[in-house]
Every structure is written in C-alpha cells, then in structure tokens.
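Engineer: Just the structure for this:
(4 chains)
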4 protein chains.
Amino acid sequence: MKKSRVGIIGVTGYAGAELLRLLLEHPGAEVVKIAARSAEGRPLGEIYPGLAGTGLVCTSPSDSFSECDFVFTALPHGVSMEYIPALRAGGSRVIDLGADFRFQDPELYAKVYQSQHQAADLLAESVYGLVEFYRDEVREARIVGNPGCYPTAVLLGLRPLLAAGIVHSEGIIIDAKSGVSGAGRGLSQDRLFGELNENFRAYKVVGHRHTAEISHYSGADIQVTFTPHLLPLQRGILATMYLTLKPGVPASTVFEVWAEAYHEAPFVHPHPRGVIPELRWVVRSNCCHLGYDYDPELSRVIVVSVIDNLLKGAAGQGVQNFNIMAGLPEETGLPLYSPVV
Amino acid sequence: MKKSRVGIIGVTGYAGAELLRLLLEHPGAEVVKIAARSAEGRPLGEIYPGLAGTGLVCTSPSDSFSECDFVFTALPHGVSMEYIPALRAGGSRVIDLGADFRFQDPELYAKVYQSQHQAADLLAESVYGLVEFYRDEVREARIVGNPGCYPTAVLLGLRPLLAAGIVHSEGIIIDAKSGVSGAGRGLSQDRLFGELNENFRAYKVVGHRHTAEISHYSGADIQVTFTPHLLPLQRGILATMYLTLKPGVPASTVFEVWAEAYHEAPFVHPHPRGVIPELRWVVRSNCCHLGYDYDPELSRVIVVSVIDNLLKGAAGQGVQNFNIMAGLPEETGLPLYSPVV
Amino acid sequence: MKKSRVGIIGVTGYAGAELLRLLLEHPGAEVVKIAARSAEGRPLGEIYPGLAGTGLVCTSPSDSFSECDFVFTALPHGVSMEYIPALRAGGSRVIDLGADFRFQDPELYAKVYQSQHQAADLLAESVYGLVEFYRDEVREARIVGNPGCYPTAVLLGLRPLLAAGIVHSEGIIIDAKSGVSGAGRGLSQDRLFGELNENFRAYKVVGHRHTAEISHYSGADIQVTFTPHLLPLQRGILATMYLTLKPGVPASTVFEVWAEAYHEAPFVHPHPRGVIPELRWVVRSNCCHLGYDYDPELSRVIVVSVIDNLLKGAAGQGVQNFNIMAGLPEETGLPLYSPVV
Amino acid sequence: MKKSRVGIIGVTGYAGAELLRLLLEHPGAEVVKIAARSAEGRPLGEIYPGLAGTGLVCTSPSDSFSECDFVFTALPHGVSMEYIPALRAGGSRVIDLGADFRFQDPELYAKVYQSQHQAADLLAESVYGLVEFYRDEVREARIVGNPGCYPTAVLLGLRPLLAAGIVHSEGIIIDAKSGVSGAGRGLSQDRLFGELNENFRAYKVVGHRHTAEISHYSGADIQVTFTPHLLPLQRGILATMYLTLKPGVPASTVFEVWAEAYHEAPFVHPHPRGVIPELRWVVRSNCCHLGYDYDPELSRVIVVSVIDNLLKGAAGQGVQNFNIMAGLPEETGLPLYSPVV
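Structural biologist: Below you'll find the model as predicted:
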C-alpha cells in the first residue's frame, strides 16, 4: 500500500494523541511531522510514555508542513483557522478535527461561535466529513471539517428517519451522555478525579454549540432540544433520542430505513426494535450501533445511538475521511471490533 | 429520646443494609430483630464485616416480630405482601420499602405488576410515603408504601409544577440515570464489574413499572415517557425532565413554585434558573436538589432532580417516614449533608 | 450533651470539608467559625452545595478564633504553624490535621520536612494524637498533632507486634495504596479524571515523609521500606505489610497480641489468621480492620490494615481526639459502621 | 502475507475474546473456527455485539480442528489438557493460554495444581512461551504454554537481575495488583460491580499458584513472597518488587542489565532509575515498561513492572508466540502503542 505523508498539529490533546496512535499503525500513512504549541521540542515518548519508540519530536504548529500530503489539525475552535491557510498554500490537504470548517456559511459560523471566521474564503472548498452522507464530496475535498462528536452520534440515528419522512420534525429531544475524554485535557477543578468519579451531571443544558450542527445537518427544518451530560468514564457517547412516529407508519420501518441507509457503511450497525445498544459495544472501535423501541400509546420512538467519542466521534472519523481522500478502502487502519472488556 | 423497637426483614439487600446502618446510629430506634431468607442464623458481622460489632444475628422472615413497634420490609415486589399481614396482626406498624403497598387500588397493582395482590384488604389502610406530599397521612399510618427511587426523584420536581398549572401535561419526557445499587445485589452476568465499569446503557426503554407510579402520583392526568439508564457508579439518581412551559408564564415561576412547595421541607433544595445540580451534591445524604434551565425558542423547561437512590430513594425515606410516624423531628438520624468526596 | 464551640481553618480541602460535615452533625460540637484562604467571604453552600443550609460563611484564617474552645487546622505542612501560636494565645485548644505538630523534636521536623519549624516552643506541649496509643496524653493536651493517614493505617497493625517482640525489626516492607482524596484538591494535570481513572501508579517510591513518622512512632528502632501507590477510587487506604515472625512464635500470636492491644478500642477490629480485610469494610467509617496470613516456609507474616483515609486517617481521628479532649465518649458523632455499597 | 488458518477454543472468556479480536485484524491469520462449551451454535455477534460482522458461529470444543494450522486454547486449568491431545493428533500446533503446559515436569504440575496431569506425554514437547527468554525454543514448538499474567510481569523485571547476579536471591517480596479482567467472567457475588467498585483487596495472600511459576522460571533458586491484589479497573497489572542489591553494585546497573537483556525485544521498555511506569503506559498495548528506584540506606531496589494482563499477560503474548512460530515479524498484528485515555 502506498503511504501518504501525514502531519498532525495539536498532537497532545486526547483527540490528537488518539489520531497519532491510529496513524502510527496505519498501513497507508507515514507520520512525518507532529506539532503542539505546548510541547515544542519535546520528544513524544517524554510526553506520552505509552507512545514511546517512534523517535518523533514535537515541532511548532507554525512550521512548514509542505512535505505532508495530508495534515490533520486537532485544535480548539478558532485556532485551526489560523494555520490552515498556510497548510493549503503549502499544498497539503487538510482534515480539521476542530469546529472551524464544519459550516460552509461564515455567517452561521459567526452566529454559533460568536466570532468572525478568519479564513472565510476557504470555507467554500470545505466539506462536512460525515462520511456516511458525504462520501462523494469527501473524496476530492481539499479541506474536511470533521463532525463534532455529539452530532455524529445523533445524525447517524436521526437523519435517515427525517429523510424518510417517518417521524415528526417537531418536539425532538436529545438527551446525550459523554465520557470525560470529550471534555479534553485542560486543567480545571471540576475535571479532577475526585470531583468526577462517582459523579454525574448535565452541562450546557441550553445552548450547546453542537445543537446548531445537529439541526443544520439533519436534512430537515428542525429545532432540537439537546442536553449533554458527563459520564464518569473515559470514552464513549450514548445519545437517547425521543421522536414521534407519524400516523400509520409501522414501528418496524425505523429499522428498515436504517438498514437501507447503511447497507454499504462498514461502521454503522442498525438493530431491530427492542435491541438497545450499550456503550461498550462500540468503545475503542470506529463503529456506531443504532437501536430503538416504540411506545404505541404515545407513538413515541426512543432511539439509542452509541459511538466512541474519540474514534467515530473524532480521530477515527478523521482517518475514515483520510482513507477516502487517499483512495484507500474505508476501513483501513480502523478498529472494526470493540474489546469485550 | 424515647427509642422505638424496630425490626428489619430483608436486611441483606443494599436497601436493607443501608436501612440497618441508619437505624443502628438512630437516637430514636433500637434494632431488636433482623431477618433475611438467605442468611438465617448468620451473625451480621459475618455477612457484612463493615457492620460488625452489633451482635445481631439474622433470623427468619417468618418469625414473630410482635415485640417490634415498627417493622421495615425491604423485599422484592410480591414478597413483602406475604409477611405484612402477620406483622400487622402482631401489632407492628409497617414501612415497606418494596412495591407492594404503593397503590391503594388492587386493580392498578395487578395491571402494573401483572399479578394479583395477596393482601388487598390491607391496601386501604396503607399510605404512599412521599413525605413532602403526604406528611399528614403518614403520621397515623399503619402501613406505609415507601415510594420507588425513580418516582421520588421525578415527583419532587414535577408534581408542584403540574399542580401550579404552569407546564403542559402532554409530551413529558423523563430521561433518568441511576447508579448500580438501584439494581440490587442479585447475581447476573450483566452486573459484573467487568461488564458495567466503563459502560453505560438504557434498560426497560419502554414499560418500566415506575412509569405508572409517576403518572399515578403526579397529581395530574398525564402519560409520561420514562427511560431509565444505568450509570457506572455506586449510588445516586439524576433525572432530566423535558417539559413545556405554558404561554405567558415567566421562566422564573418554576423556582417560585418549588420554593413555595418546599419551604418547610428540610431535605428538598430548589435552585433558581441556571443552577443545575450534580449527583454528588446529594449522594450519601437524604436530600433532593432541584434545578432547571429554559429555552425560550421552544418554551422548553429542562428540570434536573438528584437524589441518593438508597437514602431519599429508599432507606432514608423509610426512616423519614418512621420519624414522622414515631412523632420525632423529621430529620432525626438522617444525613442532611453530602460528603465532598 | 454540652456543646463545645469549635472552629475550622482550612475548610475547603477534602479533610477540612469532611471534618465540617462530621462536626455539623456532632451532638457535642457547635461550629461557630470556618475559614479558608481561598474562599474568604463566600457562603459555604456556594462552595459546596452538598453542605448547603448551614448559613456558615468562610472568614480569613487570620481572624481571631478566641471564641472557640477548640480549633481544628487542616492545612498543608508549614502553614498551620503560622496560625497556631495565635490560636493558643487566644486560649483555644488546637487539633492540627496537618504535619506540623507530629514530632515534638524540632530537629526531626527540620530533617523530614527540610525547613525550620516556626513555632518550636509550642512543640513541647503537643501530643501525637494516635488515640489508641496516647489516649491519656491526649486528654489534657493543648495541641494535638493528628497522625498522617498512612502512619495511622500502618502503626495500628505494626506497633503492637513490635512491642510484643514477636516480629523482627529488620527488613520490614510496607506496600501501601490510597484513594485519590489523599492527594487533595490541588490542581494538577496528573489528578485529572482522564489521567487517574483506569490507572494505577506508585509515587515517591523512596523517601515519602510518612516513612519517618512510621519509624519514629513504631516503638522500636526500625527502618522501613515504605512505598505508596494511588488507587483510582475516592477514599480508603490499604497497607500490606511484610514482616518476619521470630523463631518459635506461633502464627496465632499475631491475633492474640492485637486482641489484647485493642480490647477497649471501639474502632479497631483485629481478625484471626486468614481473614483479610477489604477496603470497603471501613470506607466511610472511622474503623480500622486488621488481618493477616502466614507463610511457614519463609516465616513471613503478611499483615493487611485498612482505614478510611479521610476519617480514621484524618478528620475522623481529629474528632476522636476532640471527643477525648472534651471528655466525651470516644465514639461520639463518629460512624462505627461502613455502608455496604 | 501468507495467512495461517487458526482456531480458538474458549472464545467467550475475556482472554479468548481478546485473542479473537486481535486475530480478526491480524494480517497473517484467518480465523476459521471458534468454539466455546457455553455457546455452542450461537453466532458470535449475538454473544458479543461489539464483535458483530464476522459471520463466525461457535462450535463445540470437541469438534475436529484439523483444518487449523494453529489452535489457541483459552480454558481453565485442567480443561485444555482434555482437548490438546486430539488437536495435536489432528496436526495443529497449539498455543495454550491456560496453565496446563507451563511446566514440563508432571510432578511439579501435580504439586502446584493438586491433580495429576492428563496428557503428561505431551509435556516434553511443550515450551514455556515467555518469548523474551525462549524465542528460539518457541520457533519450532508444537505446544506452547503461554505464561501466566503475573509471572510475565514479574519475570520480565526480575529474571535478568538474578541472572546478572546483582541482587540477593533471598527475601524477595512481590506485591502485585491486577485489574478485574484477570479474574475472568465467572459469576460470583464478589465480582459484582457494587462489590468491587470503590473497593480494593488482597486475595490468596499466601499460596497463589503463580508463586511457583515465578520461582521455577526465575533462573535462580529462589522462594518469593507473592501477594496479589484486585484493582477496581478493567485491565492491567502493576507489580512492585522489593529486592536487595548486592554490596558494591552501583544502582545504575539495574537499568544497564535490563537494557542489555531487552535491546532486541520490541515490547519491553526499561527506564533509568527514578522513572516509575504507570499502568496506563501499557494498557491496551502489548508492551511491558520497567522502572525502579533505590534506597541506599537499606540497599533496597524497588522495581515496578507494568503490563496489560489480557495482552502481554495473555492474548497478546499468545499472538506474539504465534508470530514467531509462523515465521512472521514478532510485532505483527500487536499494538505497540497504548492509548493516552
């Protein structure tokens, strides 16, 4: 397999480090450059002894990456747009794990992120990298905006049902729960082990930015209620979605719609009514499992979608995009199976 | 303080053992008899070394408890009704932590629990022990049906809002999450540490029995969607409730209604809009904290209620009922404060 | 019960907050003043919502505490000695949960803590508050140096065996494991949930300061090897101690020596050979359980001692000292029983 | 890469399932048959939804495996010896993850496992598969006895130091801690989440069977004290070893000896004095990290060795043996890097 030369900017965060781990063992990639503002000049094995043995040393995000066919950016929103124009000018194709290239419309970006986009001219050539819906666009993309972790879990379950017109677009409620790696490695009192262990809480109960991303890419004109919660565990997102089936639609249609939508998607596993996926079915794999049940008295469909927030929700999806952009089989270098324990 | 003589049947389960621990340090109670089918003849300290030093030995649930002023039953549904007639005949007042005396109507019981009630004649003298709403009835009760853990968390948040008529009674969605002690000590593969740790899942997505208890005691004619989930931690319930505010009602009314409802309730702490309680605010105390936020675009109120499932959701609420029945201050022997860690 | 007026300096740390929780429900104490450098002027319920409802507001540690019969200090080493001279001058008796008054010899302090003691003249009137060995001295003490968490767990197991002369004083190895609350609430990357959860590590493998405290109070001339480890859980210490039995001593003597030493100690539970205590037997109680086994081929005795690091290892032991100083029964306000879950 | 045809007997246990996961993504293996007594006739994806998509169905362990070049057995001790004679007769080479082929001497087996070996004639052709010490013997082996998890962690640290003669062979103490996957999936009360979470305990304090395996393969005439403990986490072993350096040996020699021993071992990472490895440096990789510190006053060397008990301690080491037996590069299909979170 021909190896693309790849670089990573923002390699010390949880998503960046996971991405590096995947790419180090990827048969179609050679990691030639890694960068992190906080770790310039430090050998990787010193920062992460579990990633020792590569010989890689962190450089500055401002260095030239023109030797890279592909550069991944894993940076806070507002930061990757500082570096991506230079990366593009240098000829690299870019996969941004952050939020800066998820909307093609700079006004929408400004509304959601409360600041002006600094590379608005590049938005037009960017593609939203939710592979299962934008595979063709991704293939030739020069910039891919890798989807947010919550929108990935939610949209894989929700979008086909809306597209098929079998659920009402009003009154959609999404109660989502994520492991702590979703919150990142930043230092704050409320991320200490003693504060999160044996604890559980909702956060950003109204107004989480992923709400807009969900609505925008739902394929329908919807306004969802979206409430994220923080689970005391390392990895994984479980989203419980409350929908209303339209009159006359049999409950089994939900499964049929998913099965049709994903019959060629190697990572998405729909289940028939009554099989409800658990988090551990997907943790440490790039898969999404979808399940549901139905309450006929209220015409209520309850959908449960699970992913690993660092894989299908971040680094794994980034590699999936890379595979497609590089003309490789979509599964290359990605875990299809989840460990039992 | 005069000490009542108390007995416990079902002392080896999580709720029974927690109840015992509370009563052993309760200034108004003397534990004179404990029983468990699975541990007849065994000293308590052998079963639970952390409860060593009492000299108590387990007896049979069929023994006479007539020396007890009060008997607590902490048994699976359908089992306590086998013993309670004899307890009543012996003159003891009974607090049932199980599900058998939560409905006064035997037909409702039969519908929800799919079996005939075996002591239907005693239902008429039973009282639903959600103290904050039935304090007066509890005082003289001879049998108290201690509420379910989920209904306790849910009703403390929901019932005053419905009573005040400020939220719609349709479309109520409750997404609840509980620690594993709620599932009990029974042996099953899916309760092993290796299967639950770093895992999260929904269960009984449609049709959990607590759904009927919630609707029945909501004080309104409602049909709720109720989905419980299992958290990888020891204790605590967090319920996220999705309600719709009626037109013209200011969002601040939610807090005002709660504050009015609970101004004399020592264990219930309402918070103003935007303060969202976490699980650890209540774990290992008998308190309930209530918080909410509001999305004006959708008139959506999101309520978060937290309790400790073994205290306010089971044993603690049982002791609270006991205090009232015995004429003691409601807080006696109950933890008002939650440990920080 | 007559209530002593008590104050706490350093109330926001884990030990200080746990101490406050105990004292708020203590029948012989009234908390009249709390202080914390980091939280001056803030109501307690704002810092710790789980401790809401007291009306207490944090003041400065430099304020006068002369209205207090007793003041507890829960501060980093080197800090409590700044405040204690003024507390003594104001007439309060002091229980220091920190390390500043654990040695009566300023030179030993200087050697272990690598700095000069700033209140050396007060050391002579201080008492090492390991109640089980210094009960009489504590009774009249004006300053009590509350023992370290590890030394408490270790000395309760080790000291009687050395005093009885049944184990060799050479070659003692102590492998200790503590929950994260022992490390405190200070912000550091390596205390984040994501870094500690599903992780385990040794730290200060050679040279932990508690090594000297253990040797000094062992009652013998010993040099121990002591290696602490960090467990991914909230509370508790388990110390595994490797000793060598002297020739001709039956293995059962270990239990007999403990039983004799602790027959009047309400919180210490020795077990006969082969019964090995688990952490959960003591967590959230003030108890210590001791167990052991014996390998006759190597004359090796393996002792396991467990305590709750925040109770018997810190705040609980502080209250135990307070009870004795105030002339109250030793168990007053302290949990004798550990929750089952 | 030429693919060997492989089978797995005992695929539903934690080690067997992990092995399957590795082999499904291994470029030099094709899994053609899986078996489990408890799951005969069931599709794999029904037992483990996270391993769905393979089309594999469990068969009986008694079926013929003669189409397999290699068969892995992952069974309790005493059980694999029932099947291995038939596997050998069928021509397959066998890698036994259980304990039945770890000793070549049937009398030693009988002494340690308290029962007669049922396939003693096959012991002579078996090899102890601790690759780092027996690479040449493994290459041509027909039966490999895959080492125990604890002996792997211990021997990688200990054996080179004994071989170099720099530490005393007397008085060696090993305090080991393992995650719960080491205890397996068997149903028992004390493996429930509620009993293990927030808990920690020693077990088999004297007489664990791995003690004999450690002594036997230490390369020296030693009797060790070995005490295992159970950590509340999924995976990983950390062994703390207490050794005594011989007079005149500089402390730095420990690192030098390891560096020499492992300079060609891709999975073993020695660290210089003072660098103490944590569990997460290795979890979910096949690596072992070794570190140590030194107390000159007592000539004490404290060695810390960490591995993932299911990878280097079981399934990963099994695949490492397979790679060598099949003539593949030793790292093929094995994770060299550990996830950061």
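
Engineer: Which residues does the residue nearest to residue A:292 when sequence neighbours are not counted form beta bridges with?
Structural biologist: The spatially closest residue to residue A:292, leaving aside those adjacent along the chain, is residue A:303, at 4.6 Å (C-beta to C-beta, 6 or more residues apart in numbering or on different chains). (C-beta placed from N, C-alpha, C; glycine too.) Taking DSSP bridges as the rule, residue A:303 bridges to residue A:241, residue A:292.

Engineer: Unless I'm misreading it, residue A:303 sits right up against residue A:289, doesn't it?
Structural biologist: No. Residue A:303 lies out of contact with residue A:289 (C-beta atoms under 8 Å); the separation is 11.2 Å.

Engineer: For the two, indicate the residue with more neighbours.
Structural biologist: Neighbour totals were compared for residue A:303 and residue A:289, and residue A:289 leads with 28 against 23 (other C-beta atoms under 10 Å in any protein chain shown).

Engineer: Could you list every helix and strand in contact with the helix or strand hosting that one?
Structural biologist: Assigned by DSSP states H and E, residue A:289 falls within strand A:288-295. Counting contacts by 3 or more C-beta pairs under 8 Å, 6 or more residues apart in numbering or on different chains; DSSP states H and E, strand A:288-295 packs against helix A:149-163, helix A:253-261, strand A:268-270, strand A:300-307.

Engineer: mind redoing it with 10 Å?
Structural biologist: Judged by 3 or more C-beta pairs under 10 Å, 6 or more residues apart in numbering or on different chains; DSSP states H and E, the packing partners of strand A:288-295 are helix A:149-163, strand A:237-244, helix A:253-261, strand A:268-270, strand A:300-307, strand B:225-230.

Engineer: Give me the buried positions along it.
Structural biologist: A:288-295 (16 or more other C-beta atoms under 10 Å in any protein chain shown).

Engineer: Of the residues you listed, which is the nearest to chain D?
Structural biologist: Nearest to chain D out of the buried residues of strand A:288-295 is residue A:289 (C-beta to the nearest C-beta; 6.7 Å).

Engineer: Need the pLDDT of residue A:184.
Structural biologist: Residue A:184 carries a pLDDT value of 84.

Engineer: so how many other residues sit close to it?
Structural biologist: 16.

Engineer: again with the one 4 residues further on
Structural biologist: Residue A:188 has 11 neighbouring residues, counting by other C-beta under 10 Å.

Engineer: Tell me the residues of the stretch 51-200 of chain A that contact chain D?
Structural biologist: A:51-54, A:179-181, A:184-185, A:197-198 (C-beta under 10 Å from any C-beta of the partner chain).

Engineer: what's the spacing between the strand holding residue A:289 and its chain's center?
Structural biologist: Relative to its chain's centre, strand A:288-295 lies at 20 Å (C-alpha atoms, centre = their mean, to the nearest Å).

Engineer: Averaged pLDDT, that strand. What do you get?
Structural biologist: Here strand A:288-295 scores 98 as its mean pLDDT.

Engineer: before we move on, what about stretch A:56-69?
Structural biologist: Stretch A:56-69 carries an average pLDDT of 97.

Engineer: ends of it, how far apart?
Structural biologist: 18 Å (C-alpha to C-alpha, to the nearest Å).

Engineer: follow-up on the earlier one: return the residues in contact with the residue nearest to residue A:292.
Structural biologist: A:154, A:157-158, A:161, A:167, A:174, A:239-243, A:254, A:258, A:276, A:290-293, B:205 (C-beta atoms under 10 Å, 6 or more residues apart in numbering or on different chains).

Engineer: cool, residue A:308 as well?
Structural biologist: Going by C-beta under 10 Å, 6+ apart, residue A:308 touches A:18, A:149, A:153, A:179, A:181, A:234-237, A:279, A:282-288, A:314-317, A:335, A:338.
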